[in-house]
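Novice: got a structure for you, letters missing:
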Ligand code: FCB
């Protein structure tokens, strides 16, 4: 029998995007280059050879995109600001035209009854700062705090929800450790230092944001996954604990407890970043919320030769996967929410990203039928609801993503939107999942079978 899971009346139902993935307008109105402009323009880095030069052309079509969200009924929207649009060189000269874009967007959102949640850094570092070493150098953390101050001065009268960083683990490891994202460096020791500078910049920005916008709230978004051992053997259990330390605790512990996880630090000298006196106090400044991005769980087994962690990911047999190859595992959302609530007790939680890529197509009837995404979302919303009932202070849920967009190194080959983007014409089509979400928001409830 169908059952309705009712969400709190002040719950935020939104979608999430990121500047480089949707905006386009890569060299317009005085915008400086970002590391993603450079990276995507480098041959061989993006799977389909595409770039974010135009992407969803949101820089020009933003009014229509706000109207889409209004039509769906969203009461919140998470988006990011392109740092080089505002500060073309990352520091110094301010670009008023770039800032005006976000100023207009914020006004339009508020007019539509949509609460803006702004991410200050969703990976598009100004290239000029990368030329000086990027996140591998400590100064970048201070430049980030200056940039935060400029943005919050401008928008803080209207924007009350601030996210410093999106997924610092991905920036550090995939960007600087393994080279699959911009800036494309491959140095694991540097990755650990980058993670430290990202965390430091977070802490510095928390103070700046709170000073300028005392009636706002500030937090950070982490990519978190529950980690399960591949078997009951002691070694596989060790592998799971280590991967949890590497992926989850490496960020949660400093932010909420003011130290890095000792069990990981002792594994290898690469896990001993340069930390200056006072850094950990800055990093662990109180946050108002934690943003959780959840897509899948991790299953790990021990592999003695995979230094330094000696762990290896395993794909579960018989499971269902999305187009990203990620296992569909809804209970993992409940597990991770309950775990962070219990172990770290943040004042509030938001699911700042959850969603799935499937090979969507426009069907002959003109619609885009994505039953797998609807099913995915239904099951994950049900787990979020269960977490609320069991005491998680979850206050909002942002689906990744509003519309299909530039999926980093995968280019345009992965469609995550609840709205279909026809890249040739920039036509947007509400997928069935958007229609489903519309009903959910109208009823503030999710119907499950
Ligand atoms: C997250 C990113 C987001 C998007 C989704 C699929 O790691 O934050 O930009 O790429 O994955």
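Specialist: Structure's in. What do you need? Nothing here was measured: the structure is a model prediction, and the numbers come from that model. Numbers count the residues shown, from 1 in each chain.
Novice: residues of stretch 317-333 that come out buried?
Specialist: Buried residues in stretch 317-333, counted by 16 or more other CB atoms under 10 Å: 322-323, 326-330, 332-333. Where you see a C-beta, it was placed from the backbone N, CA and C, and this is true even at glycine.
Novice: Which pLDDT does the model give the closest residue to residue 58 other than its chain neighbours?
Specialist: Distance criterion CB to CB, 6 or more residues apart in numbering; nearest residue to residue 58, sequence neighbours excluded, is residue 22 at 4.2 Å. What the model reports for residue 22 is a pLDDT of 99.
Novice: ok, and the closest non-adjacent residue to the residue nearest the centre of the chain?
Specialist: Closest residue to the average C-alpha location of the chain: residue 166 at 4.4 Å, with CA atoms, centre = their mean. Nearest non-adjacent residue to residue 166, counting by CB to CB, 6+ apart: residue 122, 4.3 Å away.
Novice: Run through the residues that contact residue 2.
Specialist: When contacts are counted by CB atoms under 8 Å, 6 or more residues apart in numbering, residue 2 touches 447-449.
Novice: low-scoring pLDDT stretches of the stretch 151-300 of the chain, where are they?
Specialist: Judged by pLDDT under 70, the stretch 151-300 of the chain has no weakly predicted residues.
Novice: mind listing the strands for it?
Specialist: All strands of the stretch 151-300 of the chain, identified by DSSP state E, counting those that start in this stretch, fall at 161-166, 217-223, 227-229, 289-293, 298-302.
Novice: Could you export the ones you listed to a markdown table, including columns for distance to the ligand?
Specialist: Output for the strands of the stretch 151-300 of the chain, formatted as a markdown table (distance: least, CB to the nearest ligand atom, whole Å):
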| stretch | distance to the ligand |
| --- | --- |
| strand 161-166 | 5 |
| strand 217-223 | 6 |
| strand 227-229 | 17 |
| strand 289-293 | 6 |
| strand 298-302 | 14 |
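Novice: so which of these gets nearest residue 395?
Specialist: Residue 395 lies closest to strand 289-293 among these, at 7.3 Å (CB to CB).
Novice: and this protein, which of its residues are near the ligand?
Specialist: By the rule CB under 6 Å from any ligand atom, the part of the chain lying against the ligand is 18, 21, 166-167, 170, 223, 293, 353, 400, 407-408, 416.
Novice: right, and out of the contacts of residue 2, which lies closest to residue 130?
Specialist: Using CB to CB, the contacts of residue 2 come closest to residue 130 at residue 448, 46.2 Å.
Novice: Just the pLDDT for the closest one.
Specialist: The model's pLDDT for residue 448 equals 94.
Novice: show me the contacts for it.
Specialist: Residue 448 neighbours (CB under 8 Å, 6+ apart): 2-3, 5, 378-379, 382.
Novice: same thing but 6 Å
Specialist: Contact analysis of residue 448 by CB atoms under 6 Å, 6 or more residues apart in numbering lists 3, 382.
Novice: what are the bridge partners for it, then?
Specialist: residue 3 (DSSP bridges).
Novice: What distance do you get for it to residue 3?
Specialist: The gap separating residue 448 from residue 3 is 5 Å, by CB to CB, to the nearest Å.
Novice: got it, and residue 270?
Specialist: 49 Å.
Novice: And the nearest residue to residue 302 once chain neighbours are set aside, how far from residue 266?
Specialist: What sits nearest to residue 302 in space, not counting adjacent residues and going by CB to CB, 6+ apart, is residue 235, at 3.6 Å. In this structure, residue 235 and residue 266 are 18 Å apart, going by CB to CB.
Novice: cool, residue 312 as well?
Specialist: Separation of residue 312 from residue 266 (CB to CB) stands at 20 Å.
Novice: Tell me which of those two has more neighbours.
Specialist: Neighbours around residue 312 and residue 266, counted as other CB atoms under 10 Å, are more numerous at residue 312. The numbers are 16 against 10.
Novice: residues contacting the more buried one?
Specialist: Shown in contact with residue 312 (CB under 6 Å, 6+ apart): 301, 303, 306.
Novice: Do I have it right that the first one meets residue 232?
Specialist: No. Because the distance of 11.4 Å does not satisfy CB atoms under 6 Å, residue 301 is recorded as not touching residue 232.
Novice: Who has more neighbours out of residue 270 and residue 3?
Specialist: More crowded of residue 270 and residue 3, by other CB under 10 Å: residue 270, with 17 against 10.
Novice: looking at it, the more buried one is touching residue 191, isn't it?
Specialist: No. Taking contacts as CB under 6 Å, residue 270 lies outside contact range of residue 191: 8.3 Å.
Novice: Quick one, grab the pLDDT at the closest residue to residue 426 other than its chain neighbours.
Specialist: In this structure, residue 426 finds its nearest non-sequential neighbour in residue 57, 5.2 Å apart by CB to CB, 6+ apart. What the model reports as pLDDT for residue 57 is 99.
Novice: I'd like the numbering to begin with 216 instead of 1 from here.
Specialist: Sure thing, new numbering starts at 216, so read that last one as residue 272.
Novice: For burial, what's the neighbour tally of residue 272?
Specialist: 18.
Novice: Check residue 219 too.
Specialist: Counted with other CB under 10 Å, residue 219 comes out at 10.
Novice: residues in contact with the closest residue to it other than its chain neighbours?
Specialist: Nearest residue to residue 219 in three dimensions, chain neighbours excluded: residue 660, at 4.5 Å (CB to CB, 6+ apart). Contact partners of residue 660, counting by CB under 6 Å, 6+ apart, are 219-221.
Novice: confidence score at residue 660?
Specialist: Predicted confidence (pLDDT) for residue 660: 98.
Novice: What are the phi and psi values at it?
Specialist: As for residue 660, its main-chain torsions (degrees, to the nearest 10) stand at phi -150, psi 150.
Novice: and what of residue 290?
Specialist: In terms of degrees, to the nearest 10, the main-chain angles of residue 290 are phi -110, psi 10.
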